[in-house]
Structures are given as C-alpha cells and as structure tokens.
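Provided below for reference: sequence and predicted model.
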Amino acid sequence: MVMTYSVAAEVDRTIEEAVRFGASDIHWDPQASGVRVRYRIHGRLRDVRELPSAMCEAVVIRVKGMARMNVAEKRLPQDGSCSCVVDGRSYELRIAVLPVLYGESVAVRILGNALRSPTLDNIGLTEVQRQVLRGYLQRPYGLIVTGGATGTGKSTTLYAALKEIDRERLHVVTIEDPIEYRVAGVNQMQVGESGRVSFAAGLRSVLRADPDVIMVGEIRDAETAEIAVRAAMTGHLVLATIHAGRAEEIPARFFEMGIEPYLLAAALRVVIAQRLVGELCPHCRYAVDESGQAAGAEPCRGYEARGCDACRQTGIARRHGVFEVLPIDAQIRRRWQEGSTSLPDAPQDTMAAQIARLAAAGKIGRCEAAGWLAEAEW
Ligand SMILES: [Zn+2]
C-alpha cells in the first residue's frame, strides 16, 4: 500500500504541474520500457518523464478511482470525469482509459486550462475583423457561425464574443458539450454525450426559457441546424460553431443539412473561419535563410525558435487564432432568396495572406507557415 500511496502522490503532482504549465492534456502511455508521461502544450505533445513499468497499474488505479470508473475492468475502454483544485482554481478533468498492448493508457483533458480569459482583443483577430464582429454582436438577432476543425479554438472565439454582450440586460444561455470555460452572467447548460439531453432537445428547451442570446456549442445535425436558423429568424442572437474548413464553406454545411437557401438568407449574418498558430517565443527566436539554416541569415527568409526556459523548451510563446471573417452581404442573400445555393466569394483578407504576413514579421515560424500555405494551395 505504501507503493500505491506514493503513486497517488505522483499522479496528483503530475496534474498540478500540467495545470501550471498551461497544458490542455496529460497522457500516460505504457511502452515496453516504461510509462511515458506527456503533456500537450500549445497544441503539441511533449515528453515530460518516464515512470518504471511497475508503476503503470497503480497510476491507472489512482486515475480510475478519481473518475469513479470500474477499477476491476481492464479490458474495455472507460471514460469519466472529476474535478481538481490547483492554486485555488477549480478545473474539470475528462479522463479516458484505453486497454493497449502494454497495459492501459490514460488521457486526461484539463478543460479551460489553455483558455486564459479570451476576449475579442487577445485571440488574434485583426482590427478590421474585430470591428466587423462587434457590429454584428450589437444587433438583437441573427446567426453568427464560427467554423474550423476540432481544436482550432472556435469555442474560444464564441466565449470571447459572449463577453461583448450586455449580460446584465440580456438573458444569455449556452448549450455546450462540454462546458469548457465559465462566463459570468451566462446560464450554461451541459448537453450531448456528457449531458442528459441532445443538442436539439436542449436548444428547444432553451427557446422556452425566454432567451435573448443563445450559444450553440456545435451544430452537428440537421435538427439542431434547423432550430438554430429558426431561432435566429425569430428575434434571437444565435452564436454557433460548425465543423467546416474555410469561411465560404460554412453555408454549404447548412445546405447539406437540408436548410433551405431562403431561410439561411434570412438568418445568417456573418461566418468566421479559424485555425490556431503558435507565436514564436521572442527570447529564443532566430532568423533563418532560404534553406532553413540559422547562419548569418542573409538574406533572412523567416524565423524559427530554439526553445528556452521562458517558453518551457517549446519555442512557442502562446497560441492564437488566424481568422477569416466574411459577412453575408445583400448580393449573396438575394441569390439565396432566389433558391440558389451559390457560396460567397472568399474573404479579402484570407488566412493564407495573414499567415504570410505573420511569418514575414517573425511572429510565426517559417516551417509552420510554409506547411500551412502548401496545404492551402491544393
Ligand atoms: Zn523560448
């Protein structure tokens, strides 16, 4: 039992350390040689330490106990949740245990840890994009949708948007899966797999609760899409995320889910696409030449970062979004009213253009920018 006790302390210490490092996830992965402990910081996994294989089972027992899982079940995947308090702040942990070759692996997501007080001013929007968004957030109704792949910070953008809304005067309700971040003055409801009701059922209940502003964590199905569109047409400001790549592809997702073009024309005000980039650490950043070598860097073709104590060896100071903000203008609304499902043109300030500017200014690495620009071309 002494062994178990020390492992419990090791698990607790690891969670505390990960929270303080600003990690979004912790992984304990049993390998042939031992248990690999890794943190995801700024979106990238980083090795922290390796524990002896003999400790693997005790780590899993401790974590299962915390999340009230079945400790005796070792052959099936399990998931659960619990909360912890670090430095006086409470964090919700989502835990998944998987049976793998050398035992059981554990993944812990620390909700809200990577989002430190998001606002429209600090998430990476350009000045012009901020002004456009603020304009739409002042209106009493309409649908505002952010798109991006998983982990691109689209919920963070909506949390930042919610803070712009007068939460004293207006009834603001969210339906989320999971609730990642708490916003004062907002009624936040847990739905989906982790809650007891679906997004669609949750949204219908919210509409009966006299809301002014509704945030829909994610539009995943036709029913939720339909209710969100109707809500936006009947005097509510609706903010939602959807799984889509570029801004101009967001309306297409609604059409695929069976929304009539004339309805979308009446509801949709602005679409936002985003992805996350890593801002280079200013303390260990260096100029590189054409081939990516440091050298005297003449001519300088961009920047990279080595990693230092200030950035915990990641080379990244912080992660922020790069955005496309595309208002749905009168011309495109007219086309949709006539039954066409044609899509809006790409925004003038594309993500590719912004990423090229950030790389030239040494804000993001040459390699990251080149990889993304190559991806954007095809
Ligand atoms: Zn650094």
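Yes, it's here.

ok, now how distant is the residue sitting nearest the centre point of the chain from the ion?
Taking C-alpha atoms, centre = their mean, the centroid of the chain lies closest to Gly153, which sits 3.0 Å from it. Separation of Gly153 from the ion (C-beta to the ion, to the nearest Å) stands at 22 Å. For the C-beta atoms, the positions are set from N, CA and C on the backbone; glycine is no exception.

Go ahead and confirm that residue touches Gly321.
Yes: counting by C-beta atoms under 8 Å, Gly153 touches Gly321, with 5.1 Å between them.

who touches both of the two?
Overlap of the contact sets of Gly153 and Gly321 (by C-beta atoms under 8 Å, 6 or more residues apart in numbering) consists of Ile123, Gln274, Leu276.

Which residues are in contact with the residue nearest to the centre of the chain?
Contacts of Gly153 (C-beta under 8 Å, 6+ apart): Ile123, Gln274, Leu276, Arg319, Gly321.

likewise Leu268?
Listed by C-beta under 8 Å, 6+ apart, the contact set of Leu268 reads Gly142, Leu143, Val145, Val229, Ala232, Pro251, Phe254, Ile328.

got the contact list for the helix or strand that contains the fifth one?
Element membership of Ala232 [criterion: DSSP states H and E] is helix 222-233. Helix 222-233 is contacted from outside by 141-143, 198-200, 203-204, 207, 214, 216, 219, 238, 240, 254, 257-259, 263-264, 266-268, using C-beta under 8 Å, 6+ apart.

How far away from the center of its chain is it?
Its chain's average C-alpha position is 23 Å from that of helix 222-233, according to C-alpha atoms, centre = their mean, to the nearest Å.

Of all the residues in stretch 167-180, which ones are buried?
Residues of stretch 167-180 classed as buried by neighbour count (16 or more other C-beta atoms under 10 Å): Arg167, Val172, Val173, Thr174, Ile175, Glu176, Asp177, Pro178, Ile179, Glu180.

Could you tell me how far whichever helix in the chain runs longest lies from the centre of the chain?
Ordering each helix of the chain by length in residues (DSSP state H) puts helix 2-20 first. A distance of 27 Å separates the centroid of the chain from that of helix 2-20, by C-alpha atoms, centre = their mean.

Tell me the helices and strands packed up against that helix.
Packing partners of helix 2-20 (3 or more C-beta pairs under 8 Å, 6 or more residues apart in numbering; DSSP states H and E): strand 25-30, strand 44-51, helix 56-66, strand 78-86, strand 103-110.

Name every strand pairing with the last one and say which way it goes.
With DSSP bridges as the criterion, the sheet partners recorded for strand 103-110 are strand 25-30 (antiparallel), strand 89-100 (antiparallel).

Show me what the first one is in contact with.
Strand 25-30 has contacts (C-beta under 8 Å, 6+ apart) with 14-15, 18, 35-40, 45, 51, 53, 56, 59-60, 63, 100-110.

if we can go back for a sec, rebuild the helices and strands packed on helix 2-20 as TSV, extending it with mean neighbour count, distance to the ion and mean pLDDT.
Below are these laid out as TSV (neighbours: other C-beta atoms under 10 Å; distance: least, C-beta to the ion, whole Å; pLDDT from 0 to 100):
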stretch	mean neighbour count	distance to the ion	mean pLDDT
strand 25-30	21	21	96
strand 44-51	14	13	91
helix 56-66	20	31	94
strand 78-86	15	24	92
strand 103-110	22	22	95
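
can you tell me the average pLDDT over stretch 163-181?
For stretch 163-181, mean pLDDT is 91.

Mean confidence (pLDDT) on stretch 124-137, please.
Mean per-residue pLDDT for stretch 124-137: 96.

Please apply the same query to stretch 145-160.
Summarised as a single mean, pLDDT over stretch 145-160 is 90.

Can I get it in PDB, CA atoms only?
Output of stretch 145-160 as PDB, limited to C-alpha atoms (Å, rounded to 0.1, in the frame of the first residue of the first chain):
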ATOM      1  CA  VAL A 145     -21.200  30.900 -37.100                       C
ATOM      2  CA  THR A 146     -17.600  30.100 -36.500                       C
ATOM      3  CA  GLY A 147     -16.000  27.100 -38.400                       C
ATOM      4  CA  GLY A 148     -12.800  25.200 -38.100                       C
ATOM      5  CA  ALA A 149     -11.500  21.700 -37.400                       C
ATOM      6  CA  THR A 150     -11.500  20.300 -33.900                       C
ATOM      7  CA  GLY A 151      -9.100  22.100 -31.600                       C
ATOM      8  CA  THR A 152      -8.900  25.300 -33.700                       C
ATOM      9  CA  GLY A 153     -10.300  27.400 -30.900                       C
ATOM     10  CA  LYS A 154     -13.800  28.000 -32.400                       C
ATOM     11  CA  SER A 155     -15.500  27.800 -29.000                       C
ATOM     12  CA  THR A 156     -12.900  30.200 -27.600                       C
ATOM     13  CA  THR A 157     -14.000  32.700 -30.200                       C
ATOM     14  CA  LEU A 158     -17.600  32.400 -29.100                       C
ATOM     15  CA  TYR A 159     -16.700  32.800 -25.400                       C
ATOM     16  CA  ALA A 160     -14.800  36.000 -26.300                       C
END
